[in-house]
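Undergrad: Here's my sequence, what's the structure:
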Amino acid sequence: MKKINELVTSTEKPEHKAKRTAITFGSFKRAEEREVAERKQREHEVELVSIAEDARIQRAVEDEHERVIKEQNTIKRNKYVTESISNAFKPKVKDMDSVREQAIDTYLPREFLPVAKDYPEPFKDEPALNKELAEFKVKINEHLHKVGFASSGGGGIGSINDANDINKASTKVDGKFLQWNDSQDKYIGADPSISSLAISKLDIDGGTDIGAAIVDADLLIIDDGAGGTNRKTAASRIKTYIADVTLTTAAQTNITSLGTLTALTVDSIAINGTTIGHTSDTDSIAIASDGVVTMNQIPVFSAGINVSGGTIAGTLATVAQTNITSLGTLTALTVDSIAINGTTIGHTSDTDAITISSGGDVTFSQDITVTGDFTVNGTTTTVSTTNVKVSDTLIELNTGATSNANDMGIIMERGSTGNNAIFMFDESADEFTVGTTTATNDATGNISITTGTFTAATLKGNLVVADDGDVGSASATDAMQISSAGIVTFKDDILLKDDCTIGTATTAGAIAIAADGTVDLDVAGATVASAIIRTVGKESIWVPAAAMTPTTSNPCSDITIVETTSGRPDMVVLDFATGADEFAQFSIAFPKSWNLGTITYQAFWSGIAASTDCDWSLQGVAMNDNQTIDVAYGTAVVVSDNAQGAVEELYVAAESGAVTIAGTPADNDLCYFRIGRDVSGDNMDGDARLHGLKIFFTTDATNDA
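TA: Numbers count the residues shown, from 1 in each chain. Predicted coordinates for the structure are as follows:
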């Protein structure tokens, strides 16, 4: 087995070891795919190991099979010989040669006969191993033939003749190169050519530099007319070609000097002889031989002009001359429409609008408009105009003060008419004052003032008078007196306007008085002599179970008195059973203040045991004077109550929905009601005990008048 493993792990065949280096063309198409070949090689090696293992197992099975067959044949042969010898003593004896031949043909298996070998036997002492090795070689060659590494005759290729993908007739020619041909699906012989070599494939980086400057005799390769025909050309032709070219590129940074030019045009600037100008006016500037420059057009100096050591003759026509920093003494100066002459400044149409005296006083003879802030410093500002108009909405006095001890206000001079009038804020009293004073505008500190009369159509806010002060009119100055405690005393009648209201800051319309004197109190719970004034609205009537009687049909129990504990309240109830609907009835004559509308109710009840859900129903009908009582009740309205508790626990149901009373309710009607237990809707086991009902109704009058 060691020899088999060596054969399996080796990639060379024993008989071709000397030719291993000749295996080159079978994988020619995958020469550039080295990684693929390496992967396949690893897969082949794994497969060869697997084949060897399978062969070993197969051989072991075959050896065991042969041993069994050989043992069976030995038994058969011994049996045949024994029988043949025993037959020798019988009367009829056959020829022993024919008997031997018959036994051999019948019982001796043919695979034990020697057969001719069609494979080499490198191991003379191991014939079985030779056969196994021959079969293994056949399998290896079949596998290599499938993946392209073996010829049809088996084994790796040793020369180009063994390669099936090479046209040997065209390639085995002196001077030919291998070239792949798709139409033949083979490599064919081809002449060497670079006519189709792409420029990108031409690598000149490794070439040798000429080591000298390019001279006229040097040769270059050029595509003649871009027609695809390459020819040689001398370097001298390149120089001639460039010299005959006009430089059209704007920037020619490598041109550092020129010869003498007769003329030069740069964009629209033309230089010709002694003149410089625009292409549309070529002699704008003339330069004489002595250097004198003559401007034939009016120059514009946007950045100014600096004259040093010379003079400028002519008139400066440009308006702005910012670089002129000083002038001599001028008798007059006009700048646009502003004229300065002697002591006056003005417009060319009104030259004395401003006059400046020798003392510096400035007099304006025309109106003055100040668009910015106007600050006047000094002691006194005198305004002698007929009227002063101020557009500001606020006038600030004593501006900039950090604290103040002076009275502030406005003093109005009255001359011989009387003392000056004053409206001021009294700093010491911290209040405003109106009156007269002898003070003038230069007064400081506390100003003496005589209070005067102040007339206004309306006063808003708090009006404060002295303790026990009077408020009145010119004829009745004490019509109303306010004490120090705030009690107001009216000297005469109080009259309010028609349809007026009296109230507080929170409820301004608490009392409304109509023109006819009707008083309406807007707040519920108003009182008279501390007693609440009754108002219309929701009222209630209590109807106890003792005021009810069981109905003749489907009656509940009679009135029942149930003692709780001696000395404590007894329960006076009507019991309603759980097996069927049972009823009781009662009647109410509602007051005339009832609005004759719907009513609601609450049931007060108990259960004889722990209760769950109990449903009560109520329906009613109204009877007028001289009407029959034999009429049907209205629609019953059910209220459900859920409770858990002791037998003696009182349950109060929620207020029901609206109950419409049948008939035509009217004043002085008698209304009959039927209360019942609706067992179809409840699930309480046991009797329900009714204590009574609270009936709710609405009034639209305060009494029954």
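
Undergrad: Let's verify Glu45: helix, strand, or coil?
TA: The assignment at Glu45 comes out as helix when based on DSSP: H, G, I helix; E, B strand; the rest coil.

Undergrad: And the pLDDT for it?
TA: Glu45 carries a pLDDT value of 86.

Undergrad: so how many other residues sit close to it?
TA: 13 (other CB atoms under 10 Å). C-betas here are computed from N, CA, C, even on glycine.

Undergrad: ok, it to Glu35 distance?
TA: To Glu35, Glu45 is 16 Å away according to CB to CB, to the nearest Å.

Undergrad: what do you get for Asp468?
TA: Taking CB to CB, one finds Asp468 at 121 Å from Glu35.

Undergrad: Could you check which of those two has the larger neighbour count?
TA: Asp468 (12 against 7).

Undergrad: Pop the domain breakdown of this protein in here.
TA: Annotated domains of the chain cover 2-158, 264-295, 332-364, 408-451, 491-532, 538-698 [automatic domain parsing].

Undergrad: average model confidence for the shortest one?
TA: Averaging the model's pLDDT scores along domain 264-295 yields 86.

Undergrad: buried residues in that domain?
TA: Buried positions in domain 264-295, judged by neighbour count with 16 or more other CB atoms under 10 Å: Ala270, Ile271, Thr275, Ile276, Gly277, Thr282, Asp283, Ser284, Ile285.

Undergrad: Pretty sure the fifth one sits in a strand.
TA: Going back to what we said before, that points to Gly277. Yes: the assignment for Gly277 by three-state DSSP puts it in a strand.

Undergrad: Tell me who's in contact with the residue nearest to it when sequence neighbours are not counted.
TA: If the residues on either side of it in the chain are set aside, Gly277 comes closest to Ser284, at 3.8 Å by CB to CB, 6 or more residues apart in numbering. Counting by CB atoms under 8 Å, 6 or more residues apart in numbering, Ser284 touches Thr275, Ile276, Gly277, His278, Met295, Asn296, Gln297.

Undergrad: From Ser289, how far off is the fifth one?
TA: Right, the one you point to is Met295. In terms of CB to CB, Met295 sits 17 Å off from Ser289.

Undergrad: And for Ala508?
TA: 108 Å.

Undergrad: Low-confidence stretches in the stretch 251-400 of the chain?
TA: 251, 302-323, 328 (pLDDT under 70).

Undergrad: Which stretches in it count as strands?
TA: 263-266, 269-272, 275-278, 281-287, 293-295, 332-335, 338-341, 344-347, 350-356, 362-364 (DSSP state E, counting those that start in this stretch).

Undergrad: Any chance of those strands in a markdown table with distance to Thr699 as columns?
TA: A markdown table is the format used below for those (distance: least, CB to CB, whole Å):
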| stretch | distance to Thr699 |
| --- | --- |
| strand 263-266 | 114 |
| strand 269-272 | 113 |
| strand 275-278 | 111 |
| strand 281-287 | 114 |
| strand 293-295 | 115 |
| strand 332-335 | 98 |
| strand 338-341 | 94 |
| strand 344-347 | 92 |
| strand 350-356 | 91 |
| strand 362-364 | 87 |
